[in-house]
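Asks: Sequence and predicted structure below; questions after.
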Amino acid sequence: MATLDWMTEAPFKFSKVLIANRGEIACRIIRACREMSLASVAIYSDADNDPLHVEMADESIHLPGDDLASTYLSGSAIINACRAVGADAIHPGYGFLSERADFAELVEASGIIWIGPSAKAIDSMGDKVRARRLMAEAGVPLVPGAELVDSGDLSELMAQLHARAAEVGFPLLLKASAGGGGKGMRAVDGAGELDSAYLSAQREAQSSFGDGTVYLERRLISPRHIEIQVLCDTHGNGVHLLERECSIQRRHQKVVEEAPSPHISESLRNEMGAAALAAAQSVHYVGAGTVEFLVVEGGFFFLEMNTRLQVEHPVTEMVTGVDLVQEQFRIGCGLPLTLNQEDITPRGHAIEVRIYAEDAANNFLPATGPLSLWRPPVGPGIRLDSGVREGDEVSIDFDPMLAKLVVHGSDRARAIERMRGALTDFVILGTTTNIEFLHDVVSHPSFVEGDTTTDFIEQHWPSGWSAQAEDSVAVIAAASGEKWGLYLEEVGESSGDLVDPYNPFMTLSRNFP
Amino acid sequence: MKQFVNERDGEVWIVAVVDDDGSLRPFTLRCAGDDVPVGDLQITQTQSADELLLERGGVSERILLTKVGDVWWVHHAGRVSRVRVVERGSSSLSGVGGLTAPMPGKVLTVMANVGESVDEGQPLVVMEAMKMEHRICADVAGTVTAIHFSDGDQVDQGATLVEIEQAE
């Protein structure tokens, strides 16, 4: 295959990308491949039923099995799939194998180009105690904390724990170094709880991660979750692409993200951007990555670095105009960044919401069912990243996120108005979704004020959210549908007739508010 | 006259519509036995089987709808409702037992008279139990020979409410 024009100068050429993922992110990456004239390969398992990403890709390969371990999480099955179809690059997307250092290593050892950071960088950032040490050396502000040195003498260790805790101050968190998802983490309010909290965190970390290392960190009160997007090339250049505000979460998962953050000043943005770049460059980071910070009055502190593309990357794309996936491909073949830091300025405001198949009125329980009707909103400044289409079935086999709805407006107030309109117009019937809940979140006076913290949902809906509708209209509509037999597919006497879309009489009396 | 159950709160609705030259006007709307004012509104079809127009106060509002099994999914003004269709006399609404009380409760309305001839599935008694309305419908076509309770009476589970002599 002839080298693509844009790749002529690149040291590491490739032409066919296997996307080791599914759903909306696979579709997103396939679109970038198309625009860059790269061939795309989708993978699918027995649990997939004619999925959209397979339809969109140039070709696809079946990984036998209906469990994740033998399909989307099997490094060897994916390498074999690359060999079978002649793919010379792998894009991991997010989740699945995207942050597995051993997989990155396997890909590179197989002579396939890995669209992501080195195994070493993934590994360094994956271990929290090691990451903290690296960040301290690089001058990145850390949440005040301390490590423990286990000499094997328990009473000595407990004395050390109390001494370090007194230095860090209460309330504090005990965190597993190998941790994630809240496992091996304990909140401690006073010295009295320290011993038992330490022992249980240590046990949980050992059984969950095979590494019982626990460290101490001061617990910040009502922090905001703000993250910085970075891009680094193989030539030592790096830029940051401003921040994303991701404070609104349910069950520790983000629900609404926006850029820029309504909370930070130009000077804080520059400081955090510089700190994020220092963090990335301290591990010789290559590709797109995100440095997460907790921000409180008077300071920001390094939380962790995600060594992959983030779910919420579109809000950054909307305000900077940079296509992050295309940049990943350029960096992947060894081209230098063409962006300078001065080129990157925010334009307007972007908001993303995650559309989940779940029942927001019932503890956000995942929902399943057919997507009998799927009518996404269209209009100026509206983007939908979706992995499904009308007629698909939502099953329990995969993540319940159906799509990400992103809007752009000239300022935050207009972006909010646009999002409210887009959510009102978004019709999904056949499966319960969180669309109405999201509408109520972005319409809430506190959200409009920009008062977003990580406990927003618990604070404003302490006894849970409930749906509202004009019941009499719904019942009359159902009765009309029943009377006219609309479920029989064809309508009335004109059934089967071709509709002339250019007939002006078709639209003459139609008037939608 | 079919019955409709709002899946969110379990309320039972009765809607009677009249087809007025291609547009439907509801003339009776009843929720949990109480009349609900209908107002001046009408429903018209569109070129799409998934879409209806609600016209009221000189404004058209768009309704999208689709039926999955027995349930209508209705999208109106950014909100989704699920409305289950229940045929008259169906066990899912009237409970078990046909002409006997499915559970202890109160008789709300007796809708038939002794000597009246009734069709199969015709509602005879509406009763309330566990805050839910239950319709007791004729299990066969025939003539009502006895009614053992009247409006407001308390009944025990399994009590015979109405007797029908089956038509030849």
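Replies: That came through, no problem. These numbers were taken from a predicted model, which means no experiment stands behind them.
Asks: Verify the stated contact: A:Tyr285 with A:Cys232.
Replies: Yes: with contact taken as Cβ atoms under 8 Å, A:Tyr285 and A:Cys232 are classed as touching, separated by 4.9 Å. The C-beta positions use only the backbone N, C-alpha and C, and glycine is treated the same way.
Asks: Find residues that contact each of the two.
Replies: Taking Cβ atoms under 8 Å, 6 or more residues apart in numbering or on different chains as the contact rule, the neighbours common to A:Tyr285 and A:Cys232 are A:Gly238.
Asks: Now A:Leu38. Its backbone dihedrals?
Replies: Dihedral angles phi and psi of A:Leu38 (degrees, to the nearest 10) take the values phi -90, psi 140.
Asks: Can you name the residues that contact it?
Replies: With contact set as Cβ under 8 Å, 6+ apart, A:Leu38 has these partners: A:4, A:14-17, A:89, A:329.
Asks: Specify which member of these is nearest to chain B.
Replies: Of all the contacts of A:Leu38, chain B sits closest to A:Val17, with 37.2 Å by Cβ to the nearest Cβ.
Asks: in the stretch 101-250 of chain A, which spans are strands?
Replies: For the stretch 101-250 of chain A, the strands defined by DSSP state E, counting those that start in this stretch occupy A:113-114, A:145-146, A:172-176, A:186-188, A:214-218, A:224-232, A:238-250.
Asks: where are the low-confidence patches of chain A?
Replies: Across chain A, the ranges flagged by pLDDT under 70 are A:1, A:180-182, A:488-513.
Asks: Domain boundaries for it, per the record?
Replies: Following automatic domain parsing, one gets these domains for chain A: A:5-115, A:144-218, A:224-460.
Asks: May I ask you to confirm that A:Ser208 is in contact with A:Ser177?
Replies: No: because the distance of 11.8 Å does not satisfy Cβ under 8 Å, A:Ser208 is recorded as not touching A:Ser177.
Asks: Among these two, which residue is more densely surrounded?
Replies: When neighbours are counted by other Cβ atoms under 10 Å in any protein chain shown, A:Ser208 and A:Ser177 differ, and A:Ser177 comes out ahead with 20 against 16.
Asks: Check which helices and strands the one helix or strand A:Val17 maps to is in contact with.
Replies: A:Val17 belongs to strand A:16-19 when assigned by DSSP states H and E. Strand A:16-19 is packed against helix A:23-35, strand A:39-44, helix A:75-85, strand A:89-91, with contacts defined by 3 or more Cβ pairs under 8 Å, 6 or more residues apart in numbering or on different chains; DSSP states H and E.
Asks: I'd like the ones you listed as JSON lines, with distance to chain B and mean neighbour count appended.
Replies: Conversion of those to JSON lines gives the following (distance: least, Cβ to the nearest Cβ, whole Å; neighbours: other Cβ atoms under 10 Å in any protein chain shown):
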{"stretch": "helix A:23-35", "distance to chain B": "21", "mean neighbour count": "22"}
{"stretch": "strand A:39-44", "distance to chain B": "26", "mean neighbour count": "24"}
{"stretch": "helix A:75-85", "distance to chain B": "36", "mean neighbour count": "17"}
{"stretch": "strand A:89-91", "distance to chain B": "35", "mean neighbour count": "28"}
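Asks: so how far is B:Gln42 from the residue of chain B positioned farthest from its centre?
Replies: Centroid-distance maximum for chain B: B:Gly58 at 29.5 Å, with Cα atoms, centre = their mean. Separation of B:Gly58 from B:Gln42 (Cβ to Cβ, to the nearest Å): 12 Å.
Asks: which residues sit in contact with A:Val353?
Replies: If a contact means Cβ under 8 Å, 6+ apart, then A:Val353 has A:255-256, A:404-405, A:419, A:423, A:438, A:441-442 as its contacts.
Asks: Thanks a lot, catch you later.
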